[in-house]
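> Here is the input, now give the coordinates:
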Amino acid sequence: MIRVDLAFVPPGRRARNVVVFDVLRMTTTAAVLLDAGLEALTVVADPEAARREAAASSALLLGEREGVALPGFDGGNSPLEARELPLRGRRAVLCTTNGSFAVEAAEGCERLSLGAVVNAAAVAEALLAAEADELSLVCAGTKGAVSLDDVVGAACVLHELLDRGAELDASDACRLALGLLGGREGVPELLEGATHARFLRSIGFGDDVAFAGQRNVVDVVPTREAVSPARFVAWRPPAAARAPQA
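Numbering: from 1, shown residues only. Below you'll find the predicted structure:
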């Protein structure tokens, strides 16, 4: 039995296992970066601290404020643009408006992962492999407000756990998220209707929104290996793991 709670905004309930969701776009971008061969990803909330961290480790410097790449950074927070960067064997630092703060708020947990729609199945596999008995799903939100895209991402992971036969002692917040999502259909449409999705489209990142709504197209879970600052590496499900049959 996994006792699981969902926080619509950080910091969330203290639990040994925490998954942070910033579906549009930080956790989606992080999964893509590590899937594309990045060696490690450090997440830092403060831009100046991010600059210092990247300089000290000769890492790529990525990040945004208000959706746009920060001045002097090597790139922004677009999962699609991330694929075009020279990533294999490199390290990177990522600093974003909402997701980075949620990661720092979860510092005290034992195991921290980054979840999204694109890697929901892999996140479920990682939690089952870790034999998690308590779990907090933490939505990054948008400037302290609930963000629909993050709730959808958390619901996708809950569905994947249930599909794999996990017994969940789910909080009311989890049940609300599951009720919102319904079944397997409708994820792209839900994301398209989110306030933050509309904002991203208005500044030219509509393709990022469409990509972030694709379920289980990335087989990587960014998993924390160092705490302060948080550094993530790729966890992949064992080759024998299979998605459950519909």
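> make it CA atoms for all contacts and neighbour counts henceforth
Will do.
> Quick check: bridge partners of the closest residue to residue 81 other than its chain neighbours?
Leaving aside its sequence neighbours, residue 81 sits nearest to residue 75 (Cα to Cα, 6 or more residues apart in numbering; 7.9 Å). For residue 75, the beta-bridge partners under DSSP bridges are residue 62.
> Could you list the low-pLDDT ranges of this structure?
183-185, 240-246 (pLDDT under 70).
> If you count residues, where's the longest helix of it?
helix 148-163 (DSSP state H).
> what's that one in contact with?
The set of residues external to helix 148-163 that reach it, using Cα atoms under 8 Å, 6 or more residues apart in numbering, is 6, 8, 21-24, 115-117, 120-121, 123-125, 137-141, 168, 174, 177-178, 180-181, 187, 190-191, 194-196, 244.
> In strands only, show me those residues.
6, 21, 115, 137, 138, 139, 168 (DSSP state E).
> Now do the contacts for the fifth one.
Remark: with contacts taken as Cα under 8 Å, 6+ apart, residue 138 is in contact with 6-12, 18-21, 102, 154.
> Work out for me the element the residue nearest the centre of the chain sits within.
A centroid search over the chain (Cα atoms, centre = their mean) returns residue 27, at 2.7 Å, as the residue closest to the centre. Element membership for residue 27 (DSSP states H and E) is helix 26-35.
> Name the next helix or strand downstream of that helix, please.
Counting by DSSP H and E, what follows helix 26-35 is strand 40-43.
> So what's the gap between the strand or helix carrying residue 222 and the chain middle?
In this assignment (DSSP H and E), residue 222 forms part of strand 221-226. Centroid separation for strand 221-226 versus its chain: 11 Å, with Cα atoms, centre = their mean, to the nearest Å.
> Repeat that for stretch 55-65.
19 Å.
> cool, stretch 202-213 as well?
16 Å.
> buried ones in that stretch?
205, 206, 208, 209, 211, 212, 213 (16 or more other Cα atoms under 10 Å).
> neighbour-wise, which of the ones in strands among the contacts of helix 148-163 leads?
residue 115 (35 neighbours; other Cα atoms under 10 Å).
> now that residue, nearest residue through space, not along the chain?
Nearest to residue 115 is residue 21, by Cα to Cα, 6+ apart, at 5.1 Å.
> Who is that neighbour paired with across the strands?
According to DSSP bridges, the partner residues bridging residue 21 are residue 115, residue 139.
> All further residue positions should be reported with the first residue as 108.
Sounds good: first residue 108 from here, last item residue 128.
> State the distance from it to residue 196.
25 Å (Cα to Cα, to the nearest Å).
> cool, and residue 236?
26 Å.
> Equivalent analysis for residue 203, please.
Separation of residue 203 from residue 196 (Cα to Cα) stands at 23 Å.
> Next: residue 108.
38 Å.
> Closest one of the buried residues of stretch 309-320 to residue 178?
residue 312 (18.1 Å; Cα to Cα).
> who's in contact with the residue nearest to that closest one when sequence neighbours are not counted?
Distances taken as Cα to Cα, 6+ apart place residue 185 nearest to residue 312, at 7.9 Å, with adjacent residues excluded. Residue 185 makes contact with 132, 136, 312, 315 under the criterion Cα under 8 Å, 6+ apart.
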